[in-house]
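Enquirer: Just need the structure, nothing else, for what follows:
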Amino acid sequence: AVGQDMRGTEKSEGNFSMWQSDQYDSRDLGDWIVKQKWSNGKIMTLGASADGIGSVQTPKTDPDWLRAQYIIWASTRMYDTLFPFGTYKEKTTVDWLTDLSMPNPDVLYDNLDTVAENEAHTDWWAGLELNDADYAKINYPTAFWAGWYDIFQLGTFQAYEGYNTQSNPAVRGNSKITVDAAGHCLEAGAFFTGNAVLGRTAVVLAQMFEVYGIRPVSRSQIKDVTFYVMSSNDTAGLAAGQYWTSLDDFPKAKMTDYYFNGAGSGTTLFTNPPSPEDPHLSTSYKVDPADPVFTMGGNNLPDSIGGGIPPGPP
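Expert: Got it, this is the predicted structure:
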């Protein structure tokens, strides 16, 4: 196995470019590897989190040595991660970049300035994203590992969708995905009682054997889409979820319309639309940014790597 530090991090020289240079750096390394006497000319990539974002840049130069990819908790649309619905997640950005080991620490401030200057979805972000032409270059086995509560949940699903539905017709529809409960946030394992952590490890290892062709894999119960069914830990929740399932594809969503009701009965959402004569048809709320609503959870990173956002007072 060969590991590569992203440019400008850890033991790699240069300046960290927030993945803008990774398609070229991975191509240079791959071209060097296949020229070595010990190489069989085939390269399979594995990348998680920030390294996973780097690994999804590799197909852009269409290297002929790329034969498989396993991508873990990574996004092909970083703008949606750092600016969800246009709102800058500044603490996550600052804390994560500050925690990186850079030979030139001053690059941190250049990176932060670049993100702030591209608060709108500018062409700068296109350097990190995969487009239709990029997905069409994918002609090898692929698999993904996502987390329902992970910061890259949406981005990993976007990547899986592109790899699975827009890739070369020879492999289209054959990508695999495992979705566990928490992604990066192992601390959350205690809240998910159905072997959320141990279960994901076993499934992912088996998928790696299959995707990389390390050994023949026979799987009669593990399908292409495997995920943890989320629920609460109370009696009703445990009866409805908190277990693993595996399917040929994601189930089709059944949409339900909900309506607000100001009755104050403890239930504010109803499936039936209110009558125009309903005395509780409307109500009003005071929104004070200085006194925010108490919130918990959400798709994020662990607090140790920039994920914690202090909630408002209870």
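Enquirer: Before we move on, what's the pLDDT of Phe192?
Expert: Turning to Phe192, the model gives it a pLDDT of 82.
Enquirer: One more: Gly52?
Expert: pLDDT, read off for Gly52, is 95.
Enquirer: same deal with Thr268?
Expert: So, for Thr268, pLDDT stands at 69.
Enquirer: again, but for Met296
Expert: pLDDT, Met296: 56.
Enquirer: Please apply the same query to Ser232.
Expert: Value for Ser232, per-residue pLDDT: 84.
Enquirer: Just list the residues touching it, thanks.
Expert: By CB atoms under 8 Å, 6 or more residues apart in numbering, Ser232 lies in contact with Leu238, Gly241. Where C-beta positions appear, they are placed from N, C-alpha and C, glycine not excepted.
Enquirer: Could you verify that it is part of a strand?
Expert: No: with DSSP: H, G, I helix; E, B strand; the rest coil as the criterion, Ser232 is coil rather than part of a strand.
Enquirer: separation between it and Thr9?
Expert: 39 Å (CB to CB, to the nearest Å).
Enquirer: How about Leu130?
Expert: 22 Å.
Enquirer: And those two? Which one has more around it.
Expert: With neighbours defined as other CB atoms under 10 Å, Leu130 and Thr9 compare such that Leu130 has more, 21 against 18.
Enquirer: low-confidence ranges in the protein?
Expert: Within the chain, the stretches with pLDDT under 70 are 196-198, 261-268, 279-283, 293-298, 303-314.
Enquirer: At which residues are the strands of it located?
Expert: Using DSSP state E, the strands found in the chain span residues 43-48, 66-72, 142-147, 176-180, 225-229, 243-247, 259-260, 269-270.
Enquirer: Just give me how far the longest one sits from the chain centre.
Expert: Between the centre of strand 66-72 and the centre of its host chain there is 15 Å, according to CA atoms, centre = their mean, to the nearest Å.
Enquirer: what's the angle between it and strand 43-48?
Expert: Going by axes from the mean of the first three to the mean of the last three CA atoms, to 10 degrees, strand 66-72 is angled at 10 degrees with respect to strand 43-48.
Enquirer: now the fifth one
Expert: Angle between the axes of strand 225-229 and strand 43-48 is 10 degrees (criterion: the same axes, to 10 degrees).
Enquirer: Can you list the buried residues in strand 225-229?
Expert: Val225, Thr226, Phe227, Tyr228 (16 or more other CB atoms under 10 Å).
Enquirer: Now render these as CSV, adding distance to Asp51.
Expert: Output for the buried residues of strand 225-229, formatted as CSV (distance: CB to CB, whole Å):
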residue, distance to Asp51
Val225, 24
Thr226, 23
Phe227, 23
Tyr228, 23
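Enquirer: Pick out the most distant pair among the residues you listed.
Expert: Val225 and Tyr228 (11.9 Å; CB to CB).
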